[in-house]
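>>> Predicted structure and sequence below. I'll ask about it afterward.
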Amino acid sequence: MDAGQTIYIFSQLILGAIAAFLAIILWPKIRDAAWMLIIFGTIVVYIETVYSILKIFGISADEILVVASVPLISFILPTIRTLFFIIAFTIMIFKQSSGMHPGEKDKPKK
């Protein structure tokens, strides 16, 4: 492994850990569904980063669950992250169009 790949791996781990840590700290303070889904998506991004680094080092057991020649976990992690973000943004759009700001409780704005 060369220096560039080492810097890439450490930067991904450190920045991802910071984002996941901040998301976990924010988690109990937020009760809005859209923000909760963004927090879940951020945590899944970090899990995906750690998993991809384990794959680089050959530590992960990627071939245990394979569906149609695609490792299941390699398919699920990016898909679920994207679904969390899509649903969160959709909720925010509907709340915005109904006169509510993201993060507001279920009381319409007058």
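Yep, it's here.

>>> pLDDT score assigned to residue 81?
Note on residue 81: pLDDT of 93.

>>> so it touches residue 44, yeah?
Yes. Under the criterion of CB atoms under 8 Å, residue 81 makes contact with residue 44 at 4.3 Å. Heads up, the C-betas are built off the backbone N, CA and C, glycines and all.

>>> Just checking the distance from stretch 62-81 to the centre of its chain.
16 Å (CA atoms, centre = their mean, to the nearest Å).

>>> what do you get for stretch 58-70?
21 Å.

>>> Just the buried positions in it, please.
residue 60 (16 or more other CB atoms under 10 Å).

>>> Any idea how far apart the tips of that stretch sit?
Start and end residues of stretch 58-70 are separated by 17 Å (CA to CA, to the nearest Å).

>>> change the start of the numbering to 5 and stick with it
OK, 5 is where the count begins now, so the last one is stretch 62-74.

>>> what about it, average pLDDT?
79.

>>> Flag every buried residue along the top helix by length along the chain.
Among the segments of the chain that qualify as a helix by DSSP state H, the longest is helix 76-101. Across helix 76-101, burial judged by 16+ other CB under 10 Å covers 77-78, 81, 85, 88-89, 91-92, 95-96, 99.
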